[in-house]
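Enquirer: Next comes the sequence, and after it the predicted model I'd like to discuss.
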Amino acid sequence: MKAFFFIFIYLYFLTFSLSAQKLFLTAKYDQNGVADPNFTSNKWKIDAIEGSFLYVLFEQEKEITDPKLYLFIDKKVVSQKNNKPEASFEEYDNKKIYINKKRSWAAIQYTFLQAGTYKISMANADKKIIISKEITINYKSKLLFSNHLDKQKYPISHQKIFTLNKAKQGVYIFIKDELSFNSESLKVVIEKQNQDGTYQKYIEETFFIDKELRFSFFEQQFDLKGTYRISVFKDDQTILSVGFLKVV
């Protein structure tokens, strides 16, 4: 009975310890290491040509005492074994995260270049895995920015930098996907970058569309110089695409 009690206590504290650690894949977090739930998901879409960067955010209840942590990234591959497909995770990449401040969280920016299923793991200084989770990366719909349209209402050219004069006249923001949006509305959140690198909401609008569309656009005026982040959400709050433009 005594042995059973100690086993129970051990399992209880082990479970509590594991639950006290969390791992997020996010596009936005604040100065306290809190991931924005609207920009956090286990499923993301990336630019098929340039890739897209996200933040791997680790947090726990107690202060991190290790001088560094490791981020291990494994990618799922499918091979043939006995004439049957067999999936497994293979080492893909790894990064060091140096802990320079006393706090209970750590984050690292990472650029995903390929679609696929990944297992991301955070490990301590001895390379012992602390926590892992699976994520899915697909190629995303495209955001294009332009001042000019053709007769079919499609951008003649596209760019990411606009003069203030042109931006005040209006910038056409296009979103397109290979498949239909499968959404009855699109929510567009435009944020302006502050001097410290964080973003502050500039404008938010919702457009109602035909859910079978896979191409849409809207016009937006920008009255201030700066860098803007444009995020487009489906009606279920899934992030459809994120893009950046600059007004000079």
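Expert: Looks like it came in fine.

Enquirer: number of nearby residues for residue 28?
Expert: With neighbours defined by other Cβ atoms under 10 Å, the count for residue 28 comes to 20. Where you see a C-beta, it was placed from the backbone N, CA and C, and this is true even at glycine.

Enquirer: separation between it and residue 166?
Expert: Plainly put, residue 28 is 28 Å away from residue 166 if you go by Cβ to Cβ, to the nearest Å.

Enquirer: got it, and residue 64?
Expert: Note on residue 64: its distance to residue 166, by Cβ to Cβ, is 47 Å.

Enquirer: do the same with residue 158
Expert: To residue 166, residue 158 is 13 Å away according to Cβ to Cβ.

Enquirer: can you pull the contacts of residue 106?
Expert: 33, 57-58, 64, 69, 97, 99 (Cβ atoms under 8 Å, 6 or more residues apart in numbering).

Enquirer: quick one, domains of the chain?
Expert: 18-139, 142-247 (automatic domain parsing).

Enquirer: Now tabulate those domains in CSV and tack on mean pLDDT.
Expert: Listed next are the domains of the chain as CSV, based on pLDDT from 0 to 100:
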stretch, mean pLDDT
domain 18-139, 90
domain 142-247, 87
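
Enquirer: other SSEs contacting the stretch of helix or strand residue 93 belongs to?
Expert: Residue 93 is part of strand 84-98, with elements assigned from DSSP states H and E. Packed against strand 84-98 by the contact rule (3 or more Cβ pairs under 8 Å, 6 or more residues apart in numbering; DSSP states H and E) you find strand 68-81, strand 105-112.

Enquirer: and the angle from the last one to strand 84-98?
Expert: Using axes from the mean of the first three to the mean of the last three Cα atoms, to 10 degrees, the interaxial angle of strand 105-112 with respect to strand 84-98 works out to 130 degrees.

Enquirer: swap in the longest one?
Expert: Strand 68-81 and strand 84-98 are oriented at 170 degrees to each other (the same axes, to 10 degrees).

Enquirer: Can you tell me the strand partners of strand 68-81 and which way each runs?
Expert: Using DSSP bridges, strand 68-81 pairs in its sheet with strand 84-98 (antiparallel), strand 116-123 (antiparallel).
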